[in-house]
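Student: sequence first, predicted coordinates after that:
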Amino acid sequence: MNDSTITLPWLVIREDDNGNRYRVGRYATRTEAQKIADSLDGRGHKQLYWVERLGQNGAGA
């Protein structure tokens, strides 16, 4: 696999107090994405963080 074929199908999503959702980052593995989400969630803010996998069409599953 070369750099042009690397895929990052796992997203970390944040939802703020007003219900707005933002993509925090894209990751190669679910484990990596979950580690980031857990780290951010552990900071004690009111935002929610979770992991989603991109679908075949590029949309979150």
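Tutor: Now that the structure is in, tell me what you want to look at. Numbering: from 1, shown residues only.
Student: partners of the residue most central in space within the chain in the sheet?
Tutor: The centroid of the chain falls nearest to residue 12 when counting by Cα atoms, centre = their mean (1.3 Å). Under DSSP bridges, the beta-bridge partners of residue 12 are residue 25, residue 51.
Student: who touches it in this structure?
Tutor: Listed by Cβ atoms under 8 Å, 6 or more residues apart in numbering, the contact set of residue 12 reads 23-25, 27, 33, 36-37, 40, 49-51. Every C-beta, even on glycine, is put in place using the N, C-alpha and C of the backbone.
Student: which residues of the chain fall in helices?
Tutor: Taking DSSP state H, the helices of the chain run over residues 30-41.
Student: which residues of it score low on pLDDT?
Tutor: By pLDDT under 70, the low-scoring segments of the chain are 1-6, 56-61.
Student: is it true that residue 11 touches residue 33?
Tutor: Yes. Using Cβ atoms under 8 Å, residue 11 makes contact with residue 33 at a distance of 6.9 Å.
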